[in-house]
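> What follows is a protein structure lacking sequence information:
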RNA sequence: GCCGACGUAGCUCAAUCGGCAGAGCAACCGCCUUGUAAGUGGUAGGUUAUGGGUUCGAUUCCCAUCGUCGGCUCCA
C-alpha cells in the first residue's frame, strides 16, 4: 500500500533480477507462442463480432495475462447469448484455417482501409505522428504501419500473430464476459463494450484455467465471510464500511495481539491518535493540496474545519515534535493500528479489499543518516518475519526508484535507494526494479505475497519520505549541538487489517491455521449422557488455552460433524461411551483425517504443538 | 462516477401473458438418544430494496434513489 500516491508499476521498466540475471517478464510473454495465439484469437473474435454487427466499430484488442479482450462500439448491448453465438462463429473461422497475412502500408493507405472506422483512424493519426502505439502507449521511434488480415477481416496491428488459425485450438478458447470500458481508458471519452476471452494451447490448459477461476470464486472472502459469520457490510450502515462479527473480531484480535507482541519485542513504541484533525494540519502536511480528492468533506467544530484522517503520519510527526529530540534517542519507531478514511467512488468498493474506512498497521521510523541502512535492514527483515508467520512463504519484492519529479536532494535519494537495494540483496529475496516508479517524496519497497492458488497480493510497503520532515521542520540535535534533519520512513506490514483479513480468508479458503481459528476445537457428545463429560473435557482444554465449544444440540453426531466441517473447525472431538470410560476423546480433523481415540492430555499436547508452530 | 446485469423470508432460489407470493435450509416448539458430512413432526417467518408513476389490478411495465455483482476509471 502506498501512503500517498500511485502504486507505480510502469509497464516499461519491469525487470526481474533473478539469480543475478535480469529478466524482462513482459518481453518474454510477448515473444511467446501463447501471446500470438491470444492476440490472433482476439482478431478472430473481432471478425465474428463484425459479421454479426456489420455497422459495429472496432477499437483495440490486445492479449493480456491469461487471455485477451477486444473493445467495440455496437448498436446495442451484448447479451450472454451473443457471446455464445460469437464463440461458435469463432470456432468456425478457426477451423476454416485462415492465413494471417501482414502488410506494411503508408498512413494514407491505412486511412483508406479504415475510412469508416473512427477509432482506427485516430490510432493511425497517432502512429503517423509517431507518438503512440496502437495501445495508446508512447513510443520512441516512428513505427511502420502494418495491417494483419485473416480472410475478409483486416486489422491495424503491430503483431505478431500466428501464421494460420490452425495453430489455435478451437477447443481451448472461451469467451468470458462483457463489460464497459472507456475508449483509451479515458472517462471523458465514449464507453465501449469490451469482450473478455481466454485462450490456451490445449483444452486441458483451458480446463485448468477455468478450474482456477472456479477455485477463486470458491475462496471469495465475501462468500466465506458470510458463511463463517466473520463480517458483514450492510446498506443501512454504508457501502465500504465493515462490521466485524464476533468470529472475525476474534481473528482480528489474534492478529493484533501477535502484531503488538512482535512490535513490542522489536523496539517499537505504541501511539494512539485521533480520527480527525484541523484543516491547518492537513495544509501543512500537503494532503489538502495533493490528496484532497480522497478526503471527505470537513466537519465544522466551533467555526473550525476538521477533516477525517486519510493517513496517520501528521499525528505521529507531532508526537515526534512534542519535544526536542537528541541524536541519542534515535531511532524512534512509532507504531499504531490507525483507522483512516478515504473516499472511494461508488463503483469501486470490493468486500474487504477496497473499502472507505480501514485500519493500517502503520509505523513511522525517524533515524539519523548513519542509522538509516541498519534501520532498513531491520524493517525489511521484520516485515518478512511477520508475513511468514501468517503462512505466506512466497514473497516477491518490488523496488521503486526516483521519478522525474521529486523532492529532496539527489544524495538522499541515492543513499536511500542503495540502502533499500542492499537490504534486499542481503535478505536474498527475488526483487524487481521499477525504475522511476517511486513516489515524488521517496523510494520504496513493496512486498507482495503469493497465495495458495498463485495470486499475488501487495501487503507491505516501506517508504522513505523526504517531504514531510521538511514540511514539518523535523529536527534532532546532533553530537555537534546543531539541529539536523532526520530520515523518516513510513511502513505498513499487513497493509490494512481489513484487506489483510480478506487475503487471509482467500489464502486459507476459511480454514485458518489453528492459532488463528476463532474456535479451535468443538466437542461432539454423541448422546445427552455424554454432555457432562464433554464439559469436563472442555474445562481441561480451556485451562490449556484452547478455544473450545461444546455442541450440545439435540442433533445426530453426523449433523454436528457436518456443521463443524462447514465451519472449518480444526479439531472435532467426538465423545461417546468408550471415550467417557477411558478419559479419551476421538479426534477428527477438518481435512477428513480421523486419528481416532486418544487421551485428553495427548490431544492437548498435539493441539498446543500445532498452535505453537502456527500450522 | 461510467457501461451492463441484478435486488422476492435470516440464507439459497421459485412464481406462465400484469391476476390470491411459494419451496428447501436456518430459527422456534416437540419426538428420537444417536459412533464420523444433513434423524423426524409441527409452528412461525413478506409493505417483493426504497420512493414515485401507468393500470380495475404491479414481484412483473416505466422513472428516480440506494445497494450488490462483472468491468472501466481511480487507487491502498
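Yep, it's here. A quick note: this is a predicted structure, and the numbers were derived from the prediction, not measured. Residues are numbered from 1 along each chain as shown, chains lettered A, B, ... in the order given.

> Tell me, what's the model's pLDDT at residue A:130?
On pLDDT, residue A:130 comes in at 61.

> Same check on residue A:295?
Model confidence at residue A:295 (pLDDT) stands at 93.

> Please identify the nearest residue in space to the residue nearest the centre of chain A, excluding sequence neighbours.
Centroid check for chain A by Cα atoms, centre = their mean gives residue A:457 as the closest residue, at 3.4 Å. With Cβ to Cβ, 6 or more residues apart in numbering as the criterion, residue A:457 has its nearest non-adjacent residue at 4.8 Å, and that residue is residue A:503. In short, each C-beta sits where N, CA and C put it, glycine included.

> Wait, that neighbour touches residue A:450, no?
No. The pair residue A:503 and residue A:450 fails to qualify as a contact (Cβ atoms under 8 Å) at a distance of 10.8 Å.

> For the stretch 51-200 of chain A, just list every one of the strands.
All strands of the stretch 51-200 of chain A, identified by DSSP state E, counting those that start in this stretch, fall at A:57-58, A:63-64, A:67-73, A:100-105, A:145-150, A:153-156, A:173-182, A:191-199.

> Same list, those strands, but as JSON lines with mean pLDDT and distance to residue A:318 please.
Output for the strands of the stretch 51-200 of chain A, formatted as JSON lines (pLDDT from 0 to 100; distance: least, Cβ to Cβ, whole Å):
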{"stretch": "strand A:57-58", "mean pLDDT": "91", "distance to residue A:318": "56"}
{"stretch": "strand A:63-64", "mean pLDDT": "90", "distance to residue A:318": "45"}
{"stretch": "strand A:67-73", "mean pLDDT": "92", "distance to residue A:318": "48"}
{"stretch": "strand A:100-105", "mean pLDDT": "89", "distance to residue A:318": "63"}
{"stretch": "strand A:145-150", "mean pLDDT": "89", "distance to residue A:318": "58"}
{"stretch": "strand A:153-156", "mean pLDDT": "90", "distance to residue A:318": "57"}
{"stretch": "strand A:173-182", "mean pLDDT": "89", "distance to residue A:318": "42"}
{"stretch": "strand A:191-199", "mean pLDDT": "91", "distance to residue A:318": "45"}
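
> For the stretch 501-615 of chain A, just list every one of the helices.
A:531-543, A:557-566, A:577-582, A:600-612 (DSSP state H, counting those that start in this stretch).

> returning to what we had before: who touches the residue nearest to residue A:457 in this structure?
Shown in contact with residue A:503 (Cβ atoms under 8 Å, 6 or more residues apart in numbering): A:221, A:353, A:449, A:451, A:457, A:459.

> So which of these belong to strands?
The strands, defined by DSSP state E, take in A:449, A:457, A:459 from those.

> how about TSV for these, with pLDDT and distance to residue A:507 added?
Converted to TSV, the ones in strands among the contacts of residue A:503 look like this (pLDDT from 0 to 100; distance: Cβ to Cβ, whole Å):
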residue	pLDDT	distance to residue A:507
A:449	94	8
A:457	93	8
A:459	95	11
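
> Relative to residue A:402, which of the residues you listed is nearest.
residue A:459 (23.9 Å; Cβ to Cβ).

> Setting the sequence-adjacent residues aside, check what's closest to the closest one.
residue A:495 (4.7 Å).

> What backbone torsions are found at the one you found?
Torsion angles at residue A:495 (phi, psi; degrees, to the nearest 10) stand at phi 90, psi -100.

> pretty sure it contacts residue A:362?
No. Counting by Cβ under 8 Å, residue A:495 sits too far from residue A:362 to count as a contact (9.8 Å).

> and these two? which has more neighbours close in?
residue A:362 (27 against 22; other Cβ atoms under 10 Å).

> For the more buried one, list the residues it contacts.
By Cβ under 8 Å, 6+ apart, the neighbours of residue A:362 are A:312-313, A:316, A:335-338, A:490-492.

> Now the closest residue to residue A:474 other than its chain neighbours. Its backbone dihedrals?
Nearest residue to residue A:474, sequence neighbours excluded (Cβ to Cβ, 6+ apart): residue A:486, at 5.7 Å. The phi/psi pair for residue A:486 (degrees, to the nearest 10) reads phi -80, psi 160.

> check contacts around residue A:486.
By Cβ under 8 Å, 6+ apart, the contact list for residue A:486 reads A:325, A:330, A:366-368, A:469, A:474-476.

> and it, what pLDDT?
96.

> and what of the one 3 residues further on?
Among the per-residue scores, residue A:489 holds a pLDDT of 96.

> The one 4 residues further on too?
The model reports residue A:493 with a pLDDT of 96.

> now do the one 5 residues further on
The predicted local distance difference test score for residue A:498 is 95.

> go on, the one 10 residues further on?
Each residue has a pLDDT score; the one for residue A:508 is 95.

> Quick check, it in contact with residue A:452.
Yes. Here residue A:508 lies in contact with residue A:452, judged by Cβ under 8 Å, at a distance of 7.2 Å.

> Distance check, the residue nearest to residue A:459 against RNA strand B.
Distance of residue A:495 to RNA strand B, given as Cβ to the nearest atom of the strand, to the nearest Å: 7 Å.

> Could you list which residues are in contact with that residue?
A:1, A:360-361, A:458-461.

> can you list those residues in TSV and add neighbour count and distance to residue A:86?
Listed next are the contacts of residue A:495 as TSV, based on neighbours: other Cβ atoms under 10 Å; distance: Cβ to Cβ, whole Å:
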residue	neighbour count	distance to residue A:86
A:1	20	39
A:360	25	45
A:361	25	47
A:458	18	35
A:459	25	39
A:460	25	43
A:461	22	42
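
> Nearest to RNA strand B among those residues?
Nearest to RNA strand B among those, counting by Cβ to the nearest atom of the strand, is residue A:1 at 3.5 Å.

> pLDDT wise, what is the closest one at?
37.

> okay, now the residue lying closest to residue A:66 once chain neighbours are set aside: neighbour count?
Here the nearest residue to residue A:66 in space, its sequence neighbours aside, is residue A:198; by Cβ to Cβ, 6+ apart that works out to 5.8 Å. Per other Cβ under 10 Å, the neighbour tally for residue A:198 reads 21.

> Wait, residue A:198 touches residue A:209, no?
Yes. Using Cβ under 8 Å, residue A:198 is in contact with residue A:209, at 6.0 Å.

> what are the phi and psi angles of residue A:556?
Given degrees, to the nearest 10, the pair of backbone angles that residue A:556 has is phi -70, psi 150.

> Distance check, the residue in the stretch 451-600 of chain A that RNA strand B sits nearest to against residue A:523.
Nearest residue of the stretch 451-600 of chain A to RNA strand B (Cβ to the nearest atom of the strand) works out as residue A:576 at 2.3 Å. According to Cβ to Cβ, to the nearest Å, residue A:576 stands 12 Å off from residue A:523.
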